[in-house]
Every structure is written in C-alpha cells, then in structure tokens.
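Undergrad: No letters, just coordinates:
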C-alpha cells in the first residue's frame, strides 16, 4: 500500500474518533509522510479574560497537527515531550493554520516542528514535539 493511501486511511480512521478536533472546528487540509496542515478559526469561546485567544486553543491546533503528522504511517504514535512558545497573540476571527513538519526520526521516535500562523502569515505559536511510535496498528 502506498504511503499516500495509508495516510488517507489513517485520516479517515482518526477522524471517526477525534471528537476534540471536530469540537474545536479544525479542518484538515493535508496529511502526508511526516507532514500535516490544519486550519481553525478563533471563535469567541476560545478567548481568555484579556480578549485574546487562550494559549490552550492555539496549542490544541498545533497538537492536532502534530498527531496527524506523526500517525501518517498507520502505527499508533503518541507525544513524549512538547514545548510551546507564543510569539504573537491570536484574536477572535483570526484564521490559524498549523503546519507540522518532521525534522528527524529514528525507528521509534521523531522530532517535529509545528508552526501556527495567522491569516497575515504571522507566527502565533511554535511547538516542538517528540513522538513515540508503538507497535499497535491504527488501521
């Protein structure tokens, strides 16, 4: 089975049970070998007490992109370590796009950088994550 076909089957399977990503209004734009791109619009329900996007909202978008990129090959892969920075605040109605890119991998672990940018191509969140690939099949 080609990596593209596997990635498509993984996306189908994950979307069946990924209730949080759906709840947040995230839209999967692309998934391929070690890469994913996801979009989300910042809603009023995602704002904190200061009227800007709660860090958890942007983190969740980046984390979902990380998950889809890590699991592209059909093996259940989970986060081991994540660090996050917020260089710019996101606001209500901002369109955020997260791109997860694999930077390095071994047989069991991989390092990803996930950038979240707004509609003006400004970096709002930067996430670095390490994932662990299990033996369990996702599909």
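TA: Yes, it's here. The structure presented is a predicted model; accordingly, all values stated were derived computationally and were not measured.
Undergrad: now the helices for the protein?
TA: 3-17, 19-23, 55-70 (DSSP state H).
Undergrad: and the shortest one, what other elements does it pack with?
TA: Under the contact criterion of 3 or more Cβ pairs under 8 Å, 6 or more residues apart in numbering; DSSP states H and E, the helices and strands touching helix 19-23 comprise helix 55-70. From N, CA and C alone the C-beta is placed, and that goes for glycine too.
Undergrad: any idea of the mean pLDDT for the helix it packs on?
TA: Computed over helix 55-70, the mean pLDDT rounds to 95.
Undergrad: for stretch 86-95, same thing?
TA: Here the average pLDDT along stretch 86-95 is 98.
Undergrad: now swap in stretch 4-22 and tell me
TA: Mean per-residue pLDDT for stretch 4-22: 79.
Undergrad: Show me what counts as buried in it.
TA: Neighbour-count burial for stretch 4-22, counted by 16 or more other Cβ atoms under 10 Å, picks out 6-7, 10-11, 14, 18, 21.
Undergrad: Thanks a lot, see you next time.
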